[in-house]
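> only geometry, no sequence info:
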């Protein structure tokens, strides 16, 4: 049985994991470099190398060394619906991210990358959505709520399910442990899964009074 040929999304997701850049930035660099200019993304340089039929050739280098060269169909470069959600969640990409980014005891939000596991974060709750019932592929009537948490480097969405819902409130300082970073609709999310937890380190003054 032949192995599945990697898609452009798979290729860019893997390169982004290796070199700590966002795949959406790499895709934008491909489009921009088609205008004849070299485009820099992080430590990578993207260069348009010409066309073969309806295939566009791109070269990606780092400090003068070739990282990758591949062809992209012309019509792909005009797409506005390119999504890397599935590619960033593949086992190959997750392993590469884990190798490139061994997790310290706690991370800053700006350093979180899709695919990272066993993440610990200390942050303050800035927003909490109203709980809602959803249907999942595993069971009916699960309850979900999303919290926006923030540290001094940025913000990220924290997904809360079932018993985790209503455990945090706006203004609380919390510690998230053993979470993993996923992407949904182009946005990073912290998910707790079976082994993750969230603990309130210090409640907001309003909650203490209440």
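Looks like it arrived, so ask away. All of these numbers come straight from a predicted model, not from anything done at the bench.
> so where do the strands sit in this structure?
With DSSP state E as the criterion, the chain has strands at 39-41, 44-52, 55-62, 65-73, 119-128, 132-134, 142-151, 154-161, 173-184, 187-191, 197-202.
> center of the protein, which residue is that?
Among the residues of the chain, the one closest to the centroid is residue 114, at 3.0 Å (Cα atoms, centre = their mean).
> thinking again about what came up before, least reliable of the strands of the chain by average pLDDT, please.
Mean pLDDT per stretch puts strand 132-134 lowest among the strands of the chain, at a mean of 77.
> contacting residues around the nearest residue in space to residue 76 that is not next to it in sequence?
Excluding its sequence neighbours, the residue lying closest to residue 76 (Cβ to Cβ, 6 or more residues apart in numbering) is residue 8, at 6.1 Å. C-beta: built from backbone N, CA, C; applies to glycine. Residues counted as contacts of residue 8 (Cβ atoms under 8 Å, 6 or more residues apart in numbering) are 27, 70, 72, 76, 82.
> For these, which two are the farthest from each other?
Pairwise distances across the contacts of residue 8 (Cβ to Cβ) peak at 15.0 Å, for the pair 70 and 82.
> what's the domain layout of the protein?
The chain is divided into the following domains under automatic domain parsing: 8-86, 104-209.
> Looking at these, which is nearest to residue 92?
That would be domain 8-86 among the domains of the chain, by Cβ to Cβ, at 6.4 Å.
> Run through the bridge partners of the residue nearest to residue 187 when sequence neighbours are not counted.
Using Cβ to Cβ, 6+ apart and skipping residues adjacent in sequence, the residue nearest residue 187 is residue 157, 6.3 Å away. Beta-bridge pairing for residue 157 (DSSP bridges): residue 148, residue 189.
> do you know how far residue 157 is from residue 199?
Here residue 157 is placed at a distance of 18 Å from residue 199 (Cβ to Cβ, to the nearest Å).
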